[in-house]
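Enquirer: When you get a sec, could you give me coordinates for this:
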Amino acid sequence: LADSVIEAVGMEAHGSPAAKLAHTITGFLPDKAAEMMMTRAGMDRMSALMQSFEIVRRGGTVSIIGVYGGAADPMPMMKLFDKGVTLRMGQAHVKRWVDDLMPLLTDGSDPLGVDTLATHHLPLEEAPHAYEMFQKKQDGAIKVVLNPTA
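Expert: Numbers count the residues shown, from 1 in each chain. Here you go, the predicted structure:
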């Protein structure tokens, strides 16, 4: 089991058919009704989150950086309590890390390997195809950069 688990998928996980149906239905509602549905009865696809709870060791830490928006999702509180799991979550603390990361990003030797991270560069018009390719892990897609045309 892992000492620490980072859950970075969030509600985009493709695991629960019921949650997928709820998301699809919500997408067809008028904005006001959809907002109320998500804040009062929203569901997320929690398969990646639940898996992170399974694979963390007793006394371990799960850091949740995947974005969730639902309000009605059940959490396995007894399991988390029994294992003594520490949960950490929230938005990226960008301002905290800017001064440390910028020199690494602007260094001509590219110590983080960001210059070659993108596996695909596509025009913005191909965004639907790019998302499908990334989602289905086709053609070795790891990072897709969409370039707007001038």
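Enquirer: where's Ser63, which helix or strand?
Expert: Using DSSP states H and E, Ser63 falls within strand 56-64.
Enquirer: should've said Asp3
Expert: In the assignment (DSSP H and E), Asp3 maps to strand 2-7.
Enquirer: That strand pairs with which strands?
Expert: For strand 2-7, the paired strands and their directions (DSSP bridges) are strand 56-64 (parallel).
Enquirer: What lies in contact with the partner strand?
Expert: The set of residues that contact strand 56-64 without belonging to it, under CB atoms under 8 Å, 6 or more residues apart in numbering, is 1-7, 49, 52-53, 83-89. Heads up, the C-betas are built off the backbone N, CA and C, glycines and all.
Enquirer: Pull out the buried residues from those residues.
Expert: Neighbour-count burial (16 or more other CB atoms under 10 Å) applied to the contacts of strand 56-64 gives 5, 7, 49, 52-53, 83, 85.
Enquirer: what is the mean pLDDT for the strand holding Ser63?
Expert: Per-region confidence: strand 56-64 scores 95 on mean pLDDT.
Enquirer: Can you identify the element that follows it toward the C-terminus?
Expert: helix 77-83.
Enquirer: who's in contact with that following helix?
Expert: Counting by CB under 8 Å, 6+ apart, the neighbours of helix 77-83 from elsewhere in the structure are 53, 56-60, 87.
Enquirer: What is the distance between it and the centre of its chain?
Expert: The gap between where helix 77-83 is centred and where its chain is centred comes out at 23 Å by CA atoms, centre = their mean, to the nearest Å.
Enquirer: Same question for stretch 81-93.
Expert: 15 Å.
Enquirer: again with stretch 131-148
Expert: A distance of 15 Å separates the centroid of the chain from that of stretch 131-148, by CA atoms, centre = their mean.
Enquirer: Just the CA coordinates for it, please, in CSV.
Expert: As requested, C-alpha coordinates have been extracted for stretch 131-148 and formatted as CSV (Å, rounded to 0.1, in the frame of the first residue of the first chain):
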residue,chain,number,x,y,z
TYR,A,131,-9.9,15.5,-26.1
GLU,A,132,-11.1,12.1,-27.4
MET,A,133,-7.6,11.1,-28.3
PHE,A,134,-6.3,12.0,-24.9
GLN,A,135,-9.2,10.4,-23.1
LYS,A,136,-8.8,7.1,-24.9
LYS,A,137,-5.0,7.2,-24.6
GLN,A,138,-4.6,7.0,-28.4
ASP,A,139,-1.5,7.8,-30.4
GLY,A,140,0.6,8.1,-27.2
ALA,A,141,-1.2,11.3,-26.1
ILE,A,142,0.1,12.5,-22.8
LYS,A,143,-0.2,16.3,-23.1
VAL,A,144,-2.0,18.1,-25.9
VAL,A,145,-1.4,21.8,-26.6
LEU,A,146,-4.1,23.5,-28.6
ASN,A,147,-2.9,26.5,-30.6
PRO,A,148,-5.4,29.1,-31.7
